[in-house]
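>>> A predicted structure for the sequence below; I have some questions about it.
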Amino acid sequence: MKSPKVICLGVHLLDVLVRHPEAPDLKPGWQLLDDLRITAAGTAAGTAVDLAKLGARPISMGVIGDDYEGTLMVDLMAGFGCDMSRLVRDPGAPTHVSLLFIGPEGERNPIMIRPTGARELTLGDIDFDAVAAADVLHVGGADQMGDFIGESLVELIRHARKNDVVVTVDVLAEVDEAFRDRLAPALAEANFFFPNEGQLAGMTGTEDPAAGVARLREATGVETVVGTLGEEGSLILGPAGEARVPAFEIDLVDTTGCGDAYVAGFIVATANGWDLEAAGWLGTAASGLVATGLGSDSGIVDLDSTLEFMGTQAPERVAALA
């Protein structure tokens, strides 16, 4: 399969994940853990790591702190094969770090966050030649980009599309209809948008995913909306119509990074000419594998094993693509 070159622009952070045999007691004293991991995460960094594992060539762009934690994240990602040479370090600023307590059933207990102090992204931070030479531009965490999501993001996406680069967009946190309207000019230029079920409801005012993806596509003009719906799988609405892909049956450990993994699998599939439903199956396989381990880079080993896993639950015509 083709190894697409993917620009991963946006949120890069460090996750410290603790898996506790029961709901954590934060009182002083010794407590034994089931597991602890430190991972590169965020809607750009997490996707980049998964892309690298799936055989793609990710290039990170964004602004992070110039501190020990930022260096650790860069080293972790480089170890997986991500190109970190275009990531900007802001002197004296802390990198975003999240501390996540994961329960025995995969539930998230208290999440403690040290937010980044890094400055906002600007067009001057972007390597436009690298974007033009890529196969895909993935904008990870548009809701965390401040003023950049206005005219700057529109300009960047238009530059990408002018050079036949596919553009994917997602968001990190809770968003609403007002944010949808802010992002709409950029989405109108993009190929794919990946909201999760909560984001989809927040941006459309409906809890019905089918109505939500339709409203969102109409309101923004984005070519295709891919709603990732947790246990309900995913719902894809594009020019050729609607496709539904169920979630895989797995032994759940932790859902951290599942959405990022879905996007990575979807990108690799579409870059290799798969139709949207088939791409949803590879995205779902990648997402399911991540959920079987602790942290956003768990589960996925390489493309071959992910395709093999996809074949255990995907329809015959999709499994045959592997």
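Now that the structure is in, tell me what you want to look at.
>>> Can you give me the distance of the residue nearest the centre of the chain to residue 8?
Central residue of the chain (Cα atoms, centre = their mean): residue 260, 2.6 Å from the mean position. To residue 8, residue 260 is 10 Å away according to Cβ to Cβ, to the nearest Å. The C-beta positions use only the backbone N, C-alpha and C, and glycine is treated the same way.
>>> what do you get for residue 235?
With Cβ to Cβ as the criterion, residue 235 and residue 8 are 24 Å apart.
>>> Who has more neighbours out of the two?
In this view residue 235 and residue 8 are compared by other Cβ atoms under 10 Å, and residue 8 has more residues nearby, 38 against 22.
>>> Correct me if wrong: the more buried one contacts residue 49.
No - contact criterion Cβ atoms under 8 Å: residue 8 and residue 49 do not qualify, at 9.2 Å.
>>> who touches both of these two?
Counting by Cβ atoms under 8 Å, 6 or more residues apart in numbering, the common neighbours of residue 8 and residue 49 are 58, 82.
>>> which SSE is residue 78 in?
helix 68-80 (DSSP states H and E).
>>> Mind giving me the packing neighbours of that helix?
When contacts are defined as 3 or more Cβ pairs under 8 Å, 6 or more residues apart in numbering; DSSP states H and E, helix 68-80 packs onto strand 13-19, strand 35-41, helix 45-53, strand 57-65.
>>> what's the helix or strand of the chain with the lowest mean pLDDT in contact with?
The helix or strand of the chain with the poorest confidence is strand 108-114; it has a mean of 86 (mean pLDDT, DSSP states H and E). Here strand 108-114 makes contact (Cβ under 8 Å, 6+ apart) with 20, 23-24, 26, 94, 96-103, 255-256.
>>> Report the inter-axis angle for it versus helix 68-80.
110 degrees (axes from the mean of the first three to the mean of the last three Cα atoms, to 10 degrees).
>>> Dump the helices and strands packed on helix 68-80 into TSV; add mean pLDDT, distance to residue 198 and mean neighbour count as well.
TSV is the format used below for the helices and strands packed on helix 68-80 (pLDDT from 0 to 100; distance: least, Cβ to Cβ, whole Å; neighbours: other Cβ atoms under 10 Å):
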stretch	mean pLDDT	distance to residue 198	mean neighbour count
strand 13-19	94	19	23
strand 35-41	95	18	21
helix 45-53	98	18	31
strand 57-65	98	24	25
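>>> what sits opposite the spatially closest residue to residue 160 that is not a sequence neighbour in the beta ladder?
Once flanking residues are discounted, residue 160 sits nearest to residue 137: 4.4 Å by Cβ to Cβ, 6 or more residues apart in numbering. For residue 137, the beta-bridge partners under DSSP bridges are residue 7, residue 167.
>>> Residue 137 and residue 162, how far apart?
12 Å.
>>> Can you pick out the residue with more neighbours from these two?
residue 137 (28 against 9).
>>> just checking, that one touches residue 10?
No - the criterion here is Cβ under 8 Å, and residue 137 misses it with residue 10 at 10.4 Å.
>>> what's the neighbour count on residue 181?
Neighbours of residue 181 (other Cβ under 10 Å): 12.
>>> which residues touch the residue lying closest to it once chain neighbours are set aside?
Nearest residue to residue 181 in three dimensions, chain neighbours excluded: residue 219, at 7.8 Å (Cβ to Cβ, 6+ apart). Taking Cβ under 8 Å, 6+ apart, we find residue 219 in contact with 180, 181, 184, 204.
>>> now swap in residue 6 and tell me
Residue 6 neighbours (Cβ under 8 Å, 6+ apart): 48, 51, 56, 57, 58, 59, 134, 135, 136, 137, 138, 267.
>>> Would you check that the first one makes contact with residue 77?
Yes - applying Cβ under 8 Å, one finds residue 48 in contact with residue 77, separated by 6.3 Å.
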